[in-house]
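Asks: Fold the stuff below for me.
(chains A and B)
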Amino acid sequence: MKKLVYLLSPFLLIACEMVLDIDIPEFDPSLVVNGVFTPDSTFSLILSRDFYILDNRSDDLQNAGVDGATIRLYEDEKEIGTFSKDSIRQAHGAGFYVLDYHPVQGKAYRLEINKAGFNSVMAMDRIPVRTPDISILSVDTIQSEYEAEIDIRLQIHDSPGKDFYELQMYQLDFGLTFLGDSVTDISEYFTPAYFESDNIIFESYMWERKVFGDALFDGGHYEILLKLRGVTSYIDYLNEMYGLELRGRLVLEVKSISEAYYTYFQTAALQRSVRGDPFAQPVQVYSNVENGYGIFAGYSPYRLEIRP
Amino acid sequence: MCIRAFSIYIRPDLSIFLVTLQRFLYIYCLRRIVITPILKILAAFALSLPLIGFAQSYTISGYIKDAESGENLIGATIYDLVSKEGTSSNIYGFYSLTLPADSVRLRFTYVGYEPQMRNFYLQENTSQNVRLLAGNLLEEVVVTAEEAIENTPQMSRMEVGMDQVKLMPALLGEQDILKSIQLLPGIQTGTEGSSGLYVRGGGPDQNLILLDGVPVYNASHLFGFFSVFNPDAINKVSVMKGGFPSRYGGRLSSVIDISMKEGNNQKLTGSGSIGIISSKLTLEGPLANEKTSFIISGRRTYIDLLARPIIRASTQGDELFGYYFYDLNAKINHTFSDHDRVYLSVYTGDDKSYAKSKNDYYLNDTKYIDRNEFGLQWGNIITAARWNHLFSPRLFSNLTTTFSKYRFSIFENYMREVIGPGINETSNEHIEYSSGIADVALRMDFDYLPNPGQEIRFGAMAIRHRFNPGVLAFASGVHQDTTLGSIPIYANEFSAYAEDDLTLGEKIRINAGLHGSLFYVEGRMYPSIQPRISARVQLPGFIGLKASYAEMTQFIHLLTNASIGLPTDLWVPATRNVLPQQSRQWAAGLARTYGKYEISLEGYYKTMQNLIEYKDGASYFNASGSWQDKIVSGQGESYGLELFAQKKTGKINGWVGYSLSRTTRQFDEINFGRSYPYKYDRRHDVSIVGIFDLNEHFQFSSTWVYGSGNAITMPQKTYGMIPDMRSPYYFIYNNNLIEYGGRNSYRMRAYHRLDLSMTWTKEKDRVNTSWSAGAYNLYNRKNPFFIDLSYDADGNKKFIQYSLFPLIPFVKYSFEF
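Replies: Below is the predicted model:
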C-alpha cells in the first residue's frame, strides 16, 4: 500500500504522507500449543506464548517457550496423565513437554493447560482411523548432463469420506569423521528433501511439505508424480572424493491428517506466502486451541524407503 | 364511452394488454410481498378503478424548456388550478395531462425559474410547449425533488442541481458530481478523496451509473480521485438508493441517472475554466436552425505537459514520464416535429500514465540502442442514439441503442537495435496485461399517461456483453506470441419491465411494477423476476408516510481487492459457477415540508446474496488460472436510519444529512465463516452543506463531513509456528504467524474534514467571468488512508498512519460567453 501512495504522489504533486503514531490496546498474553501425535510415538508438545505485535520480542521468538504449566491429557474424556518437562530437549529452551503414553487411532484426545498469568486453554483432536494406502508405480532416474532427476510415480487409494493428507520426502545424508585425510566414521541421518510436482491437488507448500484434501478424488485412486533433482549429487561427490561406496536412499512419508491439522497448515502456509503483498487480504490462521493459538492434532503415517 | 375515447389514441389490443398488465402487476406483487390487509383492500380498490381516462376528457401535452438555451427542464411541475390536477415533465422535458373539458388555468413551475400561466378552455387535445425564463433566484437552485417530498411515492430519491455542484468546494477546484452525491445520507465515500460510491452497504460495482441511459463501468479518473463526468456538460443528476422503480435494473444498490445537456438551440454560447490541474471548454449552440443543436465539452489535465521540459532537461532527454487524463462529451439533437426527435451522444475519456527511457552506447565499435516504454492506460467510450416518438399525447416512447466499452491495460515495450561491423539487428518485446468489458444494447421505453392520477411505464432491453477478465500477452521477435489468463466471455442479457404509478384519492399513491430479466452465459440461463413497490400515505399534518420494497438482480460483478478505485479492478459476469448477485430492500420513512425546510427520515433493511470476494491470499497479478478459481461467494446485510433536512431557498441554504448504519459480510471461506464488518461499515456518517449568497457577485459555500473510521484488518499479535514439532531446531527461528483478531476487526480513526469555497462573479456585456478560491481540508485534519507497521529511529515497532491530503488550497478561473 505504501508503494501505491508513492505511485500516486507524483501524479498529484501535492499528495503527501502524514505520519502519526497510533496505539492499539495491548492484549493479555495467550498460550500457544504446538503438538501433534501419532500412534508410533508418545505425546510431546511445545508450549509458548504470543507477543503483542508492537513488542520487539515478537521479532525473535526464541524466548517464547513457557515452562511450569500444568498440562493434563484426557482420552475419550478419561484423564490419562500430566505432561512433564522434556529433560532431553530442555537444553534447547523452555516449553518442551512430554507424556509417556501412546495415542490410539480413532480416540479423542483433549488437552487442558493451566499456567499462572494466562487464560486456561483447551484443545482436542483425534488420529484419523485410516492409514494412507499408497502404491509406488515407478521410480525412474533420469541422468542429465549436470544432475540426476528422480521421478517417483505413486498412487493414493482413497476411502470414501472427507480425508486429508500430508506428503513429505526425506533423503539420506551422511556425516563423515576424518583422521587426517582418512574417513574414520560415517553417520547417517535423514533430512527433508525438496521436490516438485505439477499435481493440482497440492494447495500449499511449506518447508518441503505439501498438504491436500481428497475433494477431487474422494473414494478413488489418484496418481501423483514427484520430481527430485540433485539428491544424489552430494553422495556422488563424496564417493568420488573419498573413494567411498555410499548409496542414497529416500523415504516417502504420507500422513493421514485430521481436518484441524490440514486447516491450520493450509492457512499458515498461505499467510506466510502473501505477507508483504499490498494487494492481498491478510490471511487468518486457523487454530483448534480454545483461548489460545496453535495446533494440537493427530496423524497416521505411511512410510516407505525408496532406493533409487 | 371510456373505451371509445381511449381507442382514439391506443389500439384496442394495446389497451387490453395494458389492462391485463396492470392487473397482473398488482396480483403478482400481492402474492410476492407480505402486505397488510389494509393494503390488500386498497389494491383491490385500485383494481376496481376505471383504468382509462374520463368521459369528455382531453389531453394537454408538450415540452418544457429553458427559454434562453432551449435545454429540457426535467421535473418541471404542471398544475391546473381549476381541477387541482397536476403532473411533471420527464427526462426529455415532455409532459402530458388529461383533464375534463372545462376551463383550465395551467401553472408551469420549475425551481429557479419564473412561473408561467396558461388559461384556456379545453375542448380538444392541445399541445402547449412552454419556455420558462430563469429567474435571479440562484438561492433556489439546490438539491430539489420533482415535487413536494411528502407527495411522491418514490423513496430514497434525490436530485442534485448542477449549479450547486459548481458552487461547492472541491479537491483542487475540480468540481465533481459523484463527490457531491457522497454528501447525501446513505451514500458513503470509500477512502480519502475517492469518487467511489458505497450506497446502503453495497459495493462500488452495485451502482447503476447511467450517462444518457448508457451504463458507465469505470467512472473514475486518476485512481478514483475524480469522476469522469464533466459538470459543464451535465444537465441533471438524480440518485436513487432504494424503492427502485421497475424501469431500472441490473444493479443492487443505487441508480445514478445523469443527463447530458442537449445544447443551446437559440445561440452559440460557451464556457470554460482554468484550474490547477485541468482546464475545460464547452461550446453549444444551434445548427442551421432552432431544430438542431449541439454541445461539445472537453477537459484535459496538463501536469504532464508542464513537467515535460523539466524532466527532459534533468535527464538529458533520456527519460520522460507523466500522467494525464482527458474526457470529451459531445451531443447533437434534432427535432423533426413535436412527435419525433433524435439524439446522438458520445463520451470518450482516457487516463494514461507513462514512462519512456532510451539508452544509446558503443561497445567494441558496435552501437547499441535501447528503448523502453512502460504504461498504464484505461478509459471508456460511450455512445448512444435515441429516438423520441410521440404516438399520441398520452403515449410517449423512446428507442435507444447504445455502445459502451471500458478497457484497462498495463504494457511494456522493449526494443534493442545493434548496429556494427557486419551486424544490423533489431529485437522487440512486448508484454501487456489487459482487461475490459464491452456492451451493445437496444432499449425501448414507453410512457403512457391515461389520466392525471396514473402513469404507466413499460419497456424492454437487450444487451450483448463481452467480458475480457484479465489477459496477459507476450510478443517477441524471438519467441512465439503467447497469451495467458482468462478467455473472453460473451453473455446476452434481456429485460422487460412494467410499472404503474397510481393515485388513489388524495391520500394514497402507489408505484408498483415488475422487472424481469434473463441472463444467458456459457450455456446457462439465469431468469429473474423482481417485484418493486413504493407507496405513500398522506397522514394528518401533511406528513407523508412512505414504504417500499425492491428486489434487484445483478448479473455482473466487480472483482476488487484494493481499497481505492484502481482501474485494475475486473468486471466479470455471472457464469456457470458464479451466480448473479441479488438483493432485497425494505424501507419505510416519513417526509414533511416545513416552509422552506424539507425533512425526511428513512429506515432500511437490505440483504445481498452471491457477493464475490477474492479468496484469502489470492494474488491479483497472477495471470495463471481463471479468476473464477480465485474467488469465494457470500452474502451481506445492511440496515440503518437516514435523516435528511434541507433548506432550499433563502440567502443561506443547504442541507444536513446523517446516517446511522451497520453493514456486514459473511463468506464461508473468509473469517472462518463468521460474519464480519464490511470495509466501509460506517456507524455514523454526517454531512453538512451550506451555501451563502452574500450578493449577486459573491457566494460562499462550505461542507463538513464526518464518518466513523473504516474497518480494517490489523495485526495484533505474533506467535511461533513449529513446522516439524518433533524437531526442536526449527523453534528458534522466526517461523512466526500473525494473529489479526478477525477480518476488519480494527477501526481506524474517524474521518472528518471542512472544505470552503468562495466565488466572485463579474458580469460583462459579452463574457461573464468568475474567480473561485477555497481550501480542501481547511483545518488540516490528518485523516487515515492506511496504516503500516514500521520501526522508529530507536528500532521500536510502531504503527504509522499515513494520510493523503493535507490542507490544499485551490483557485480557478471560469468564463461564460
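Asks: all contacts plus neighbour counts: C-alpha atoms, from now on.
Replies: Fine.
Asks: Would you map out the domains in the chain?
Replies: All of this refers to chain A. Chain A breaks down into these domains under automatic domain parsing: A:31-127, A:134-258.
Asks: wait, chain B
Replies: B:1-52, B:157-710+B:748-816.
Asks: follow-up on the earlier one: tabulate the domains of chain A (TSV), appending mean pLDDT, distance to B:Arg665 and mean neighbour count.
Replies: What follows is those, written out as TSV (pLDDT from 0 to 100; distance: least, C-alpha to C-alpha, whole Å; neighbours: other C-alpha atoms under 10 Å in any protein chain shown):
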stretch	mean pLDDT	distance to B:Arg665	mean neighbour count
domain A:31-127	90	26	19
domain A:134-258	85	25	16
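Asks: mean pLDDT for the domains of chain B: which is lowest?
Replies: Per-stretch mean pLDDT for these is lowest at domain B:1-52 (a mean of 42).
Asks: do you know which of the domains of chain A lies nearest chain B?
Replies: domain A:31-127 (4.5 Å; C-alpha to the nearest C-alpha).
Asks: do the closest one and chain B meet at all?
Replies: Yes: residues of domain A:31-127 are located near chain B by C-alpha under 8 Å from any C-alpha of the partner chain, namely A:32, A:34-36, A:44-46, A:48-56, A:58-62, A:64, A:89, A:92.
Asks: what ranges do the helices span in chain B?
Replies: Using DSSP state H, the helices of chain B run over B:2-7, B:12-32, B:37-48, B:162-167, B:177-181, B:303-314.
Asks: let me fix that: the stretch 101-250 of chain A
Replies: A:233-242 (DSSP state H, counting those that start in this stretch).
Asks: how about the strands in it?
Replies: A:108-114, A:121-126, A:134-143, A:148-157, A:164-179, A:182-193, A:204-206, A:209-213, A:221-229, A:250-257 (DSSP state E, counting those that start in this stretch).
Asks: Run me through the strand neighbours of the third one, direction for each.
Replies: When sheet partners are counted by DSSP bridges, strand A:134-143 sits next to strand A:148-157 (antiparallel).
Asks: any idea how far the strand it pairs with is from the chain center?
Replies: Going by C-alpha atoms, centre = their mean, to the nearest Å, the spacing between the C-alpha centre of strand A:148-157 and its chain's C-alpha centre is 21 Å.
Asks: what's the angle between that strand and helix A:233-242?
Replies: 140 degrees (axes from the mean of the first three to the mean of the last three C-alpha atoms, to 10 degrees).
Asks: Taking strand A:164-179 as reference, get the angle to strand A:148-157.
Replies: Inter-element angle recorded for strand A:148-157 and strand A:164-179: 150 degrees (by the same axes, to 10 degrees).
Asks: Dead centre of chain B: give me the residue that sits there.
Replies: B:Ile209 (3.2 Å; C-alpha atoms, centre = their mean).
Asks: and the gap between the closest residue to that residue other than its chain neighbours and B:Ser345?
Replies: Leaving out its chain neighbours, the residue that sits closest to B:Ile209 by C-alpha to C-alpha, 6 or more residues apart in numbering or on different chains is B:Ile256, at 4.7 Å. Distance of B:Ile256 to B:Ser345, computed by C-alpha to C-alpha, to the nearest Å: 18 Å.
Asks: do B:Arg592 as well
Replies: 38 Å.
Asks: Which of the domains of chain B has the highest mean neighbour count?
Replies: domain B:157-710+B:748-816 (a mean of 20; mean count of other C-alpha atoms under 10 Å in any protein chain shown).
Asks: Straight-line length of that domain, end to end?
Replies: By C-alpha to C-alpha, the extent of domain B:157-710+B:748-816 from end to end equals 32 Å.
Asks: ok, now stretch A:225-233?
Replies: First residue to last in stretch A:225-233 (C-alpha to C-alpha) measures 21 Å.
Asks: Contacts made by it with the rest, please.
Replies: A:147-154, A:171, A:193-199, A:248 (C-alpha atoms under 8 Å, 6 or more residues apart in numbering or on different chains).
Asks: just to revisit the earlier point, now the domains of chain A in TSV, with distance to B:Arg749?
Replies: Shown next, in TSV, are the domains of chain A (distance: least, C-alpha to C-alpha, whole Å):
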stretch	distance to B:Arg749
domain A:31-127	19
domain A:134-258	36
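Asks: so which of those domains comes closest to B:Leu694?
Replies: Closest approach to B:Leu694 among the domains of chain A (C-alpha to C-alpha): domain A:31-127, 53.5 Å.
Asks: from the chain's centre, how far out does that closest one sit?
Replies: On the basis of C-alpha atoms, centre = their mean, domain A:31-127 sits 16 Å off its chain's mean C-alpha point.
Asks: same check, this time on stretch A:158-171
Replies: 14 Å.
Asks: Just the ones in strands from the residues of domain A:31-127 next to chain B, please.
Replies: If you go by DSSP state E, those have A:32, A:34-36, A:44-46, A:48-49, A:51-52 in strands.
Asks: May I have stretch B:571-583 exported as CSV, CA atoms only?
Replies: The C-alpha trace of stretch B:571-583 is given here as CSV (Å, rounded to 0.1, in the frame of the first residue of the first chain):
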residue,chain,number,x,y,z
TRP,B,571,-15.6,-6.6,-14.3
VAL,B,572,-16.7,-10.2,-14.6
PRO,B,573,-20.0,-11.8,-15.4
ALA,B,574,-22.1,-14.4,-13.6
THR,B,575,-21.0,-17.7,-15.1
ARG,B,576,-21.8,-21.4,-14.7
ASN,B,577,-20.1,-21.3,-11.3
VAL,B,578,-20.6,-17.7,-10.2
LEU,B,579,-24.2,-16.9,-9.5
PRO,B,580,-25.8,-13.4,-10.1
GLN,B,581,-25.9,-11.0,-7.2
GLN,B,582,-29.3,-10.5,-5.6
SER,B,583,-30.7,-8.1,-3.0
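Asks: hmm, back to that, show me what contacts the residue nearest to B:Ile209?
Replies: B:Ile256 is in contact with B:207-210, B:237-240, counting by C-alpha under 8 Å, 6+ apart.
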